[in-house]
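1. Pasted the sequence and its predicted model underneath.
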Amino acid sequence: MVISALLTAGGLVAAAYLCKTQRQKDFLLRFFAIITVIIHYSNLWVDYFTTGTAELENNHLLPVYPCNIVMWLLLIAACIKNRDGIAFKMIAEFVFWGGVVCGSVGIIFNANYDNTPSLRNYDILKGLVSHSTMLFGCIYMLVGKYIRIRVFNVVSCIAGLLFFLLDGAIINGLFDHFGIDPVNAMFLQEPPLPQFPWMSVWLLGAVAVTLLFGALALYEQKCFPENERWYNQLKNKIQKTKEKENV
């Protein structure tokens, strides 16, 4: 974990200094988005060519866990050409915030790493590396200046969390409908940390959004000119909407 953190941080610093043109930045973002997906599925090829068989896991077929969704959203964002559109901005903002949280939690609190503390197991190795490359790509959204830190990032995060819940409900419903053992998609059926049963995803999501809003509001108050702060921006949008309705 320490080696992964150091390599990720060092890579981001190097990227900030070396990648100056937009073409270079786009290439790096796409590279890490694509390599994350490849590494995620690589254990299938490794198992097949070493044993002659490969076991397909549920998160190979479906986005069962938050990191699975972030991985695909990172790839989608990296492939969107219109960087000024609302779709890219919302996806990129959620990929940054959601990816930082999910990627970090997926590395630090991963039960598989605790149960198998050796990187000789390829499944463990590829899990650590894919989480690290995903985390790099998510953080690069900020380092590469694809997003701007602001209060309205909270809107993108709320939309992303709602998508998490919808995805989890659909997948859990599919497993239940076809009589397959529960998969606990998006941790909707059981809390992510069994030792803390009260720590549901609903509570974690509400706390995360509240803390993020408070932190970003304070950041804007300290770093943004008054006319660019979220409440003035919102007031101006409401006023323009009223003016259009009166015309």
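-> Sure thing, it's come through. It should be emphasised that the depicted structure is a prediction, and the values quoted were computed from it without experimental measurement.
2. Could you pick out the longest helix of the chain?
-> In the chain, assigned by DSSP state H, the helix with the most residues is helix 22-51.
3. which element follows it toward the C-terminus?
-> Downstream of helix 22-51, the first helix or strand assigned by DSSP states H and E is helix 58-61.
4. what's that next one packed up against?
-> helix 22-51 (3 or more CB pairs under 8 Å, 6 or more residues apart in numbering; DSSP states H and E). Backbone N, C-alpha and C define where each C-beta goes, glycine included.
5. need the contact list for the most centrally placed residue in the chain.
-> Closest residue to the average C-alpha location of the chain: residue 99 at 2.6 Å, with CA atoms, centre = their mean. The contact partners of residue 99, taken as CB atoms under 8 Å, 6 or more residues apart in numbering, are 70, 74, 134, 135, 137, 138, 139, 141.
6. any idea how far residue 217 is from residue 94?
-> 18 Å (CB to CB, to the nearest Å).
7. The two: which is more packed in?
-> Relative neighbour count places residue 94 above the other of residue 94 and residue 217, with 27 against 16, counting by other CB atoms under 10 Å.
8. What is the least confident helix or strand in the protein?
-> helix 111-115 (a mean of 67; mean pLDDT, DSSP states H and E).
9. In the chain, where is pLDDT below threshold?
-> Where the chain drops to pLDDT under 70, the residues are 110-117, 247.
10. Do a quick rundown of the helices in this protein.
-> 2-18, 22-51, 58-61, 66-79, 86-108, 111-115, 122-143, 153-177, 201-223, 230-246.
11. now the longest one and helix 2-18, what's the angle there?
-> Going back to what we said before, that points to helix 22-51. Relative orientation of helix 22-51 versus helix 2-18 (axes from the mean of the first three to the mean of the last three CA atoms, to 10 degrees): 150 degrees.
12. Run the angle between the longest helix of the chain and helix 122-143 for me.
-> Going by the same axes, to 10 degrees, helix 22-51 makes 170 degrees with helix 122-143.
13. so how far is helix 22-51 off the chain centroid?
-> Centroid separation for helix 22-51 versus its chain: 16 Å, with CA atoms, centre = their mean, to the nearest Å.
14. List the buried residues for that helix?
-> Going by neighbour count (16 or more other CB atoms under 10 Å), the buried part of helix 22-51 is 25-26, 28-30, 32-37, 39-40, 42-43, 47.
15. tell me what it is packed against?
-> Helix 22-51 sits against helix 58-61, helix 66-79, helix 122-143, with contacts defined as 3+ CB pairs under 8 Å, 6+ apart.
16. among those helices, which is nearest residue 174?
-> Evaluated over those, closeness to residue 174 peaks at helix 58-61, with 10.4 Å, by CB to CB.
17. Residue 206: which of the contacts of residue 99 is nearest?
-> For the contacts of residue 99, the nearest to residue 206 is residue 70 (19.6 Å; CB to CB).
18. And for residue 14, the neighbour number?
-> 10.
19. quick one: it from residue 29, how far?
-> 15 Å.
20. can you check residue 75 too?
-> 10 Å.
21. do residue 69 as well
-> Residue 69 is 18 Å from residue 29, where distance means CB to CB.
22. Could you do residue 216 as well?
-> Taking CB to CB, one finds residue 216 at 23 Å from residue 29.
23. Check residue 149 too.
-> Distance from residue 149 to residue 29, by CB to CB: 18 Å.
24. can you dump the C-alpha coordinates of stretch 44-57 into CSV?
-> What follows is stretch 44-57, C-alpha atoms only, in CSV (Å, rounded to 0.1, in the frame of the first residue of the first chain):
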residue,chain,number,x,y,z
LEU,A,44,-9.1,-14.3,-16.6
TRP,A,45,-6.4,-14.5,-19.2
VAL,A,46,-3.7,-15.4,-16.6
ASP,A,47,-5.9,-18.2,-15.1
TYR,A,48,-6.9,-19.5,-18.5
PHE,A,49,-3.3,-19.7,-19.9
THR,A,50,-1.9,-21.2,-16.7
THR,A,51,-4.6,-23.7,-15.8
GLY,A,52,-6.6,-24.0,-18.9
THR,A,53,-9.8,-22.7,-17.2
ALA,A,54,-10.9,-19.3,-16.0
GLU,A,55,-13.6,-18.5,-13.4
LEU,A,56,-15.8,-15.6,-14.3
GLU,A,57,-16.6,-13.5,-11.2
